[in-house]
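Trainee: task: produce atomic coordinates for the following.
(2 chains)
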Amino acid sequence: MSWLGVDVGGTFTDLVFLDREGGRLQVLKTPSTPSDQSEGILVGIGRLSLEAKSLERIVHGTTVATNTALEADGARLAVLATEGHRDVLVVGRGNRMAIYNIKARPNRPLVPRSRCVEVRERLGVDGAVAIPLDEENVAAVGRHLAEENVEAVAVCFLHSYANGDHERRAAEILSRFLPKAVITTSSEVLPEYREYERFSTTALNAYVAPRMRRYLGELRNRLGSAGISASLSIMTSNGGTLPAERVEAMPVLSMLSGPAAGVIAASFVGHAANFPDIVTCDMGGTSTDVCLVRGGEFSMTTDGKVAAFPVKIRQIDINTVGAGGGSIAAVSGGFLTVGPRSAKAYPGPACFGRGGTEPTVTDANVALGRLGTDQLLGGEIRLDHAAATAAVARLGHELGLSTERMAEGILRIAVVSMAGAIKEVSVLRGIDPRDFALLSYGGAGPLQAAAIADELGMRTVVVPPMPGNFSAFGLLVADVRRDFVRTRVATVDTLSPADVQAMLAELIEVGEAELEAAGFPPDRRRFAASLDMRYSGQSFELSVPVESDLADMAKLVNGFETVYRTRYGGTTTAPIEIVSYRVAAWGLSDKPALPSVDTAGHTMEAAQRGQRSIVFDGTSHPTPILDRERMPINAAAFGPVVIEEAGSSTIVPPSWSVERDRIGCLVLRRREESNQ
Amino acid sequence: MSIDPITLEVLTQGLISIVREMRATVCRTASSVAIYDAKDFSCGLFAPDSQVVAQSEDIGSHVVPLPWSVRSAMEKFGNDLAPGDVILSNDPYTGGTHLNDVTVIFPVFEGGRLIFFPAVRAHWADVGGMVPGSMSGKATEIYQEGVRIPPVKIQEAGRFNQAALDILLSNMRVPEERLGDLEASLASCRVAQKRIHEICARYGVDTLLEAVRLDLDRSEARMRACIAGLPDGVYRFEDYLETYMGGRFEPLLMPLALTVAGDRMIADFTGASPQVPFPVNSTAAVTAASVFIAVKSIFDPAAPLNQGSFRPIEVIAPPASIVNVQRPAPAGSHGEIRKRVIATMVGALSQVVPDLVAGDLCRTSFHNLIGGYDAKRGREWVHYEWSAGGNGAFRESDGPSAMATIDWGDLVTVQSTEVIETRMPLVVETSRLAVDSGGAGTTRGGLSMQRSMRVLAADSRYSLLSDGAVVPAFGVMGGLSGVQVGSWVESDGAIESFDTPGKVAGHPVGDGGIVVVRSAGGGGYGDPLLRDPAEVAEDVREGYVSRQAAHDLYGVALDTRSAVDPVATETLRRRLREARFALPTVLVEESYERGAVSKRRICRLHPRDAAAAHLQADDLVEIDSRRAAPLRAWLRIDPTIALGTLPIDHAGLEILRASAGERLEVRRIATVVMPQARLAEAAE
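Mentor: The predicted model follows:
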């Protein structure tokens, strides 16, 4: 039997194939096919040596949902709103996106105001019906929307988190008039209060759903034609996987599909390599994603956004900065910037030789000799050293800097902005990144990892096996996961432990049903409950873990105060409120073991491929080039060293050492004499 | 000392990153909800000569005036500062904004040399005074608005000045929370101090200071280049704040003479109304900062903000006027002066760089309060409502609807209905953009927000402290005004409107009564008769503009399917253009009329002209050349004026970029939009 992980990115499609009997891992990169991602996937599968019949599971990381939203290329959408409240999505929260700019443009909602239609109905705070749903009104709207040829409808009523009946009934009625449209209700997508955020999440879901449905249909067809009948799951933003049919109905759950897989892989490898506290750093072509993992647990957030639209579903707390390998360095108005403008895949950096002329981070790496030109990038692209150097030199000339200084400067600025992204998830939350190891992946990540660590005073960098296909590997180690939420606001002193238990039990029941349906026996199900709590009068909540069989409210209050104190220093005497109840449900899947490293006959000497002259801090160093696969384990080499492998290169600067550990990770350590 | 461009960028980002960390620290440690929740605070790094060196996503209304407080502190303590000293201040008269904004200024030394002041300005929930929360629309002296703190050393050599602290906290409500707020600001500054020392250790203090110098210089160079591109000259504009002196409406004049000379600019507010015993006045720091916010937002939105941008600009604010308040007049409501200063800058610059400006922004901070005692829940309640209005249109685009203005950072202004209803005895019955509220134009002003809130508690009260209820946001280049702010109470089908629009104190609202509030609309840009008819049709389809307004203001005839009828539209537009009422101007000595404290511009017309233009005495009118922003005046009917003439003074002609004898359009601005009319429309 075998498993396959497929992660589709903007430039490359990464595949990781695991032959479970032989314990063999095979990795592969192939160009992505943006118009229909499934085409590239099948090309990749064709190049793997796999037997269609033996493939039992495919886990897929996809950018279809995200790209549909970012490119504003989704469905012809309508919103059904409570009477008096059609403008929730049009107006948002009335905040300004461009500070100090008198020409800030209006936000473009996903749906024009004319297709935000009010119907007569109203619920109160507790879900009680204040005005019954006017069903004829809904039917009339249904007829109108059918004439308008809408492809998707988001049903968004006030207080539906407390009572979804009106939304469900309205959806039923609409579906009679719009049999082909995707109809989504806000109480199903996110039964959590604050209407703008809930409606935005729901509208995004409806907006991307038709395209997601088409895409997954196409993928299934292609897999079927190739004789593959394996189960298909999709990676979701919370770091779990879900059956494709589930994600088809709730594509908004997959907005962070690819990045989430990387974090799962990082936490898996961090655990195996004895680094439970890590900062992940996934450097791609146009951006870098970072995430904090403590004791193997990654932090979660409900403050996600896609473009300008809030997505309030619970997702891994990944921070993104617009600096990656393809980020362009340029001078404008006296300021030198690197990114967020990117050369993208086409034309790509100057060194790709496809017509790009502006210098990028990758060009700077090539110009400095850090990235060799004798390997094909991603197995496809031959790098042009002369073109990279010329592009960097042009900018250097403009600024009066030598080519080498310019190239190092481009890297320096990129590193500072990536370090800034890590500061936001650590220092700004009162966490010292020096207590963490930096786990770096993405094809370009290990080139910059030591420099980023230096910038933050971090002493250890871990480069996992297959850094260029790492997210795809994460797909193979993820569990099934769903997050459930329900808002019911009340102060703690009005509730008994039984009330809390009952609310959580309701959510767990839904989780049990979903895991049952996905084929997990009870002993492979796991649940964790938490409550969103705050002091009365505050407008945001803290997440407090809670036992689902909570016996004592005082324990809950203590738990809240502990979390509050950690985050804000002190506590106050205001009444404490529970706002929302959350349950995370896991279906535990088998995990592959990392193959042990075959080290027979490996020595540093045997690993040395050659030597290049590389500039560090203005000085050229003769630098040995090592072949990662031939390195011995538990033996140190001292920087400067470059370690090459298919799909990535790791830079070990002069003040760092490196060794390969027993599971094949490269562990870089800063040498103590170079103090920060 | 030279510094390479790479190190310069790294240090620039490093300083901004310090301010971000300061912000995060305040959020993590403050006690006032307004600080950690509503983010009503700002941080910055300042140089000893009081310049802003770095800031992050901070609120312009806090951070841009902060250098005045730093300067006052330096004047007072100068060489008497030592490591471990910390300065506290909230005094509007010495560089502050209003008393609730309490500032900690923290000297940082390196090698015995004072190099930076990290500073935090945070809105404390209470600083004493006549009402809880300290801000009152009824204050006639600053003493009623709370404790004034001139710059004092609240810490010396790292120890609290206990006497000062005790006196302060004894005069504020919930003192333990106030101490928490103070500790939060101190913690934030200490973090900054640590990071500054780290940068000095890594790069050297001289390199750091050189980077700061270059940063300021290049911002200055960018701004000077912008100003140098403008034609030299004096550009005037005038606008008003609204008061009711003894119950009688009186507009307070704010005139601006903006001089462009080479690469410098002087904003002179000489002639501004004397200060008044109401919370309308503000400080010289707020006035100057508002000029800076306008200049930055119009000319150089892209670069990081620091003082360099403001070096080429001088601001003159006459003492004891509404733009430079002196003891003992109140200074509680600084937001209104700020918005009006920005408006005068927009008006004056519309004469010079029409491509860069927008129609006037939503005019006011619009503070609505509904509250009382909720017998059902057994507690006091107050709902604070500050929905933003429409922003002005500009050449490239319609103005954004219901969005915070440029002086408000990224403050959230539209609160969640579900949250309001969970917390307050209120039902938000409607929350919609108000149709036709955006000023008509070739590009349209943003729409205002209109919310109806049903009160579910007996004996509640409604208060409003606002401006822009009479004089609306102006359009530019022939664009029309947005709608004024409005509010009224509906109970049992009857509508109660207010004699003093914009200023309402504790109006009773019964159980089941509905409070309706409508923020201001943004000004339009360019002649509405030149708007693409297809866009007008789309606005009608989207519900931003009514069919009636499409017809009357835009001259667009729509068929029964709401498609544009091109032939009828052309005819209609010609007819509307011809029907515009214009008169040849005649130069007169002065066009102002004195009131109890200030003066206002008037437009005198012969009775027959007034009748022809459908104008009545006391109407607010606009005189427009369509070359810039229009001129506002109140109509006086005067038989001594020659028939068929429009008397206007020299300043008026300058504002309109017009010459004597030229024909100028006169049109009425509806001063109060009657709620009855709106209701009729809603019923329809």
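Trainee: any weak-confidence spans in the chain?
Mentor: I went with chain A, as the question did not name one. By pLDDT under 70, the low-scoring segments of chain A are A:378, A:569, A:673-676.
Trainee: not quite, go with chain B.
Mentor: Using pLDDT under 70, the flagged stretches of chain B are B:33-34, B:37, B:671-684.
Trainee: how about the residue in it that sits furthest from its center?
Mentor: In chain B, the residue that sits farthest from the middle, by CA atoms, centre = their mean, is B:Val567; the gap is 42.8 Å.
Trainee: quickly note the distance from the nearest residue to B:Val353 once chain neighbours are set aside to chain A.
Mentor: Spatial nearest neighbour of B:Val353, excluding adjacent residues (CB to CB, 6 or more residues apart in numbering or on different chains): B:Leu230 at 6.6 Å. Backbone N, C-alpha and C define where each C-beta goes, glycine included. B:Leu230 sits at a distance of 16 Å from chain A (criterion: CB to the nearest CB, to the nearest Å).
Trainee: next one: B:Leu230 from A:Lys555, what distance?
Mentor: Distance from B:Leu230 to A:Lys555, counting by CB to CB, to the nearest Å: 67 Å.
Trainee: can you confirm B:Pro150 is in a strand?
Mentor: No - if the criterion is DSSP: H, G, I helix; E, B strand; the rest coil, then B:Pro150 is coil and not within a strand.
Trainee: and it, what does it touch?
Mentor: Applying CB atoms under 8 Å, 6 or more residues apart in numbering or on different chains, we find B:Pro150 in contact with B:Ser72, B:Lys76, B:Ser89, B:Asp91, B:Thr94.
Trainee: recalculate using a threshold of 6 Å.
Mentor: Contact analysis of B:Pro150 by CB atoms under 6 Å, 6 or more residues apart in numbering or on different chains lists B:Asp91, B:Thr94.
Trainee: for it, give its distance to chain A.
Mentor: 29 Å.
Trainee: tell me, how many residues neighbour residue 360?
Mentor: You didn't say which chain, so I picked chain A. Here the number of neighbours of A:Thr360 (other CB atoms under 10 Å in any protein chain shown) works out to 31.
Trainee: wait, chain B was what I had in mind.
Mentor: Quick note: B:Asp360 (other CB under 10 Å) scores 38 neighbours.
Trainee: try A:Glu83
Mentor: Counted with other CB under 10 Å, residues neighbouring A:Glu83 total 17.
Trainee: dihedrals phi and psi, it?
Mentor: phi -50, psi 130 (degrees, to the nearest 10).
Trainee: contacting residues around it?
Mentor: Counting by CB under 6 Å, 6+ apart, A:Glu83 has contacts A:Glu118, A:Arg120.
Trainee: with A:Ile58 instead?
Mentor: A:Leu4, A:Ala230, A:Leu232.
Trainee: can you list the domains in the chain?
Mentor: Let's take chain A. Structural domains annotated on chain A: A:1-258, A:480-587, A:604-670, as defined by automatic domain parsing.
Trainee: the chain in question should be chain B.
Mentor: With automatic domain parsing as the reference, chain B has domains B:5-221, B:365-526, B:529-579, B:582-669.
Trainee: near chain A at all, the shortest one?
Mentor: Going back to what we said before, that points to domain B:529-579. Yes - interface with chain A: domain B:529-579 contributes B:Arg541, B:Glu542, B:Gly543 (CB under 6 Å from any CB of the partner chain).
Trainee: ends of that domain, what's the gap?
Mentor: Domain B:529-579 has an end-to-end distance of 12 Å (CA to CA, to the nearest Å).
Trainee: so what's the residue in the stretch 201-350 of chain A that chain B sits nearest to up against?
Mentor: Closest contact between the stretch 201-350 of chain A and chain B, by CB to the nearest CB, is at A:Gly334 (4.6 Å). By CB under 6 Å, 6+ apart, the contact set of A:Gly334 is B:Arg218.
Trainee: look up phi and psi at it.
Mentor: Torsion angles, degrees, to the nearest 10, at A:Gly334: phi 90, psi 0.
Trainee: likewise B:Val509?
Mentor: According to degrees, to the nearest 10, B:Val509 has phi -130, psi 130.
Trainee: quick check: longest helix of the chain.
Mentor: Let's take chain A. Looking across chain A with DSSP state H, the single longest helix is helix A:195-225.
Trainee: wait, chain B was what I had in mind.
Mentor: Secondary structure of chain B per DSSP H: the longest helix is helix B:175-203.
Trainee: if I look at the spatially most central residue of chain B, how far off is B:Ala393?
Mentor: Nearest to the mean C-alpha position of chain B, by CA atoms, centre = their mean, lies B:Lys339 at 2.4 Å. Per CB to CB, B:Lys339 is found 17 Å from B:Ala393.
Trainee: can you name the residues of the stretch 1-150 of chain B sitting close to chain A?
Mentor: Proximity of the stretch 1-150 of chain B to chain A, by CB under 6 Å from any CB, involves residues B:Pro5, B:Ile6, B:Glu9, B:Val10, B:Gln13, B:Ser17, B:Glu21, B:Ala24, B:Arg28, B:Thr29, B:Val33, B:Asp37.
Trainee: can I get those in JSON lines including neighbour count and secondary structure?
Mentor: As requested, the residues of the stretch 1-150 of chain B next to chain A are exported to JSON lines (neighbours: other CB atoms under 10 Å in any protein chain shown; DSSP: H, G, I helix; E, B strand; the rest coil):
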{"residue": "B:Pro5", "neighbour count": "20", "secondary structure": "helix"}
{"residue": "B:Ile6", "neighbour count": "20", "secondary structure": "helix"}
{"residue": "B:Glu9", "neighbour count": "21", "secondary structure": "helix"}
{"residue": "B:Val10", "neighbour count": "20", "secondary structure": "helix"}
{"residue": "B:Gln13", "neighbour count": "17", "secondary structure": "helix"}
{"residue": "B:Ser17", "neighbour count": "22", "secondary structure": "helix"}
{"residue": "B:Glu21", "neighbour count": "22", "secondary structure": "helix"}
{"residue": "B:Ala24", "neighbour count": "20", "secondary structure": "helix"}
{"residue": "B:Arg28", "neighbour count": "18", "secondary structure": "helix"}
{"residue": "B:Thr29", "neighbour count": "22", "secondary structure": "helix"}
{"residue": "B:Val33", "neighbour count": "17", "secondary structure": "helix"}
{"residue": "B:Asp37", "neighbour count": "15", "secondary structure": "coil"}
